[in-house]
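[1] The following block contains a protein sequence and its predicted model.
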Amino acid sequence: MQVSSGTISLFVCVAMAMVGAASTAYILEHPEETQGISGKLLKIAGIDPDRLAAVVAPRAPGETSIQVATTPPDTVTLNADQLGHFEADAEVNGRRVPVLVDTGATLVALTYEDAGRAGLFPRPSDFTQVVATANGTARYAPVTIDSVTIGDITVHNIQGAISEPGRLHRTLLGMSFLGRLSRVDMRTGTLVLHE
């Protein structure tokens, strides 16, 4: 039986991959024994040993699987503050605006001052809508926000509201932004936004 050169090449590639995987597993299992050699080999292969060590999760004795921590570029994780609120630094029309995530708010509600920072300047006659708040009723100016960015997530053409001066003390990131995301996950102490 004659074996083709293509078949031999395939077996060589598979054998090399197996040796590479076994070597990597040994290096990860016995870093103290292979520190000098493994670091050099990883650098030759173009892999930063410190970065590799940072993404490999600790394993229990005898456990052989390697878990790599990944964060997709279109995902943002927010941590809750002491009161359980989720705050973030957003960019509204390209300008930095601190926001409070509020799933109970229908719109992105801008303070009068933050609206000005974002280049939105309503006239007194623009405050045509009325909304019921925890502090009573308030008037607001409806607006379309060109863009809101948090981390790697950007949403364009968002319905928003500008509050009358002095009526809102914090810009609220409401459902007109959150509802445009593919998913929003709330976990213990974290809120994960998926573009």
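    Perfect, I can see it now.
[2] what is residue 130 paired to in the beta sheet?
    residue 139 (DSSP bridges).
[3] isn't it right up against residue 137?
    Yes: at 5.5 Å, residue 130 counts as touching residue 137 under the criterion of CB atoms under 8 Å. Using the backbone N, CA and C atoms, a C-beta is placed for each residue, glycine as well.
[4] so where's the protein uncertain?
    Along the chain, the parts satisfying pLDDT under 70 run over 1-71.
[5] Show me how it divides into domains.
    When the chain is parsed with automatic domain parsing, its domains come out as 5-55, 75-194.
[6] Could you dump these into a markdown table with mean neighbour count added?
    Output for the domains of the chain, formatted as a markdown table (neighbours: other CB atoms under 10 Å):
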| stretch | mean neighbour count |
| --- | --- |
| domain 5-55 | 12 |
| domain 75-194 | 16 |
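[7] is residue 161 in a bridge, and if so with what?
    Following DSSP bridges, residue 161 is listed with bridge partners residue 109, residue 142.
[8] what does the one 10 residues further on give?
    When bridges are called by DSSP bridges, residue 171 pairs up with residue 99.
[9] Check whether it really touches residue 107, as I assumed.
    No: contact criterion CB under 8 Å: residue 171 and residue 107 do not qualify, at 10.9 Å.
[10] now the strands for the protein?
    Using DSSP state E, the strands found in the chain span residues 75-79, 87-92, 95-101, 108-110, 129-133, 136-150, 153-163, 171-173, 183-187, 190-194.
[11] Which among those strands is found nearest to residue 121?
    Residue 121 sits nearest to strand 153-163 of all the strands of the chain, at 9.0 Å, using CB to CB.
[12] Report the angle between the closest one and strand 136-150.
    Going by axes from the mean of the first three to the mean of the last three CA atoms, to 10 degrees, strand 153-163 is angled at 160 degrees with respect to strand 136-150.
[13] circling back: how about the strands of the chain in CSV, adding distance to residue 123?
    Formatted as CSV, the strands of the chain follow (distance: least, CB to CB, whole Å):
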stretch, distance to residue 123
strand 75-79, 34
strand 87-92, 19
strand 95-101, 20
strand 108-110, 15
strand 129-133, 14
strand 136-150, 8
strand 153-163, 11
strand 171-173, 20
strand 183-187, 34
strand 190-194, 33
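[14] Among those strands, which comes closest to residue 117?
    When the strands of the chain are compared by CB to CB, strand 95-101 sits nearest residue 117, at 5.0 Å.
[15] helices or strands up against the closest one?
    strand 87-92, helix 112-117, strand 171-173 (3 or more CB pairs under 8 Å, 6 or more residues apart in numbering; DSSP states H and E).
[16] Kindly provide the distance from the residue lying closest to residue 185 once chain neighbours are set aside to residue 95.
    Once flanking residues are discounted, residue 185 sits nearest to residue 192: 4.3 Å by CB to CB, 6 or more residues apart in numbering. The gap separating residue 192 from residue 95 is 25 Å, by CB to CB, to the nearest Å.
[17] Fine, thanks again, bye for now.
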